[in-house]
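1. Here is a sequence with its predicted model. Questions after.
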Amino acid sequence: MTDYGRSEIFKAALKEIKEKRMAEEADARIRRQEVYQKQPRVRELDSELGSTGAAAMKYYLTHPDQDKDRIKKELEGRNNKLRRERASLLMSLGYPEDYTDVHYECPDCHDTGFIDRMPDGSIPKDPRCHCLKKKILELSYHSPYMKKTIEKENFSTFNDQVFSDRPFEKYQLS
């Protein structure tokens with residue numbers, strides 16, 4: 001297979017993974033809007049949860065002498081309370097807790113095709129995720145190059161007369 005063929009297969013695999021991710025993200029936005037229409041408090045909770053990081057940073061910068069661990073615990077407690085309220089509201093509407101979440105097909109790379117960090121925090125030697133590698137293989141099997149190769153080199157064209165019946169004694173092989 002030429003480098004061009006490999007490059008095209010790689011691009012096609014990334015494109016398929018990206019399209020899948022974008023479709024799921026769009027579906028999650030639609031589900032979120034549906035929930036917001038039925039229960040506006042969920043939007044408020046999402047906004048509060050989303051602003052926690054910025055609020056914490058602002059507080060840390062304006063109060064450098066404060067106990068950061070205490071503040072962190074307070075914020076975690078507040079966020080946990082908000083998450084519990086959010087989950088309760090979703091379930092009261094008949095939805096599971098994760099209804100508005102993006103449901104990625106690959107939990108390891110979140111449908112990006114790449115892994116930045118391993119679960120232990122280390123950097124992977126090969127950042128390509130297993131889902132990308134699998135997609136590349138799938139597309140490779142259907143490539144024109146592979147189809148031509150399989151047409152030419154398969155069991156129906158196999159010639160066992162190419163091999164000798166006499167053992168290859170030097171290596172004890174036959």
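-> Here it is on my side, so go on. Bear in mind that the values here come from a model prediction, so they are computed numbers and not experimental data. Residues are numbered from 1 along each chain as shown.
2. Show me where this protein has its strands.
-> Shown for the chain, no strands are assigned by DSSP state E.
3. mind checking pLDDT for G5?
-> What the model reports as pLDDT for G5 is 70.
4. So for S51, what's the pLDDT?
-> pLDDT for S51: 88.
5. Give me the number of neighbouring residues for it.
-> Using other CB atoms under 10 Å, S51 has 11 neighbouring residues. Every residue, glycine included, has its C-beta placed from N, CA and C.
6. Tell me the spacing between it and L89.
-> S51 sits at a distance of 19 Å from L89 (criterion: CB to CB, to the nearest Å).
7. And for I136?
-> Noted for I136: a distance of 42 Å to L89, by CB to CB.
8. what's the answer for S7, then?
-> Distance, S7 to L89, by CB to CB: 48 Å.
9. who has more neighbours, those two?
-> When S7 and L89 are compared for neighbours, L89 comes out ahead with 17 against 10, by other CB under 10 Å.
10. show me what contacts the more buried one?
-> Taking CB atoms under 8 Å, 6 or more residues apart in numbering, we find L89 in contact with Q39, R41, V42, L45.
11. Quick check: the first one touching L93?
-> Yes: here Q39 reaches L93: they are 6.0 Å apart, a contact under CB atoms under 8 Å.
12. Between these two, which contacts overlap?
-> Going by CB under 8 Å, 6+ apart, no residue sits against Q39 while also sitting against L93.
13. So for the two, which residue has more residues nearby?
-> The neighbour comparison of Q39 against L93 (other CB under 10 Å) goes to Q39, with 17 against 13.
14. pLDDT wise, what is that one at?
-> pLDDT for Q39: 98.
15. And the nearest residue to it once chain neighbours are set aside, how far from Q37?
-> Of all residues not flanking Q39 in the chain, L89 sits nearest, at 5.3 Å (CB to CB, 6 or more residues apart in numbering). The spacing between L89 and Q37, counted by CB to CB, is 13 Å.
16. Kindly report the same for V102.
-> Going from V102 to Q37 by CB to CB gives 19 Å.
17. With neighbour numbers in mind, choose between these two.
-> V102 (16 against 10).
18. Make sure that one is actually in contact with E25.
-> Yes: in terms of CB under 8 Å, V102 counts as a neighbour of E25; the distance is 5.4 Å.
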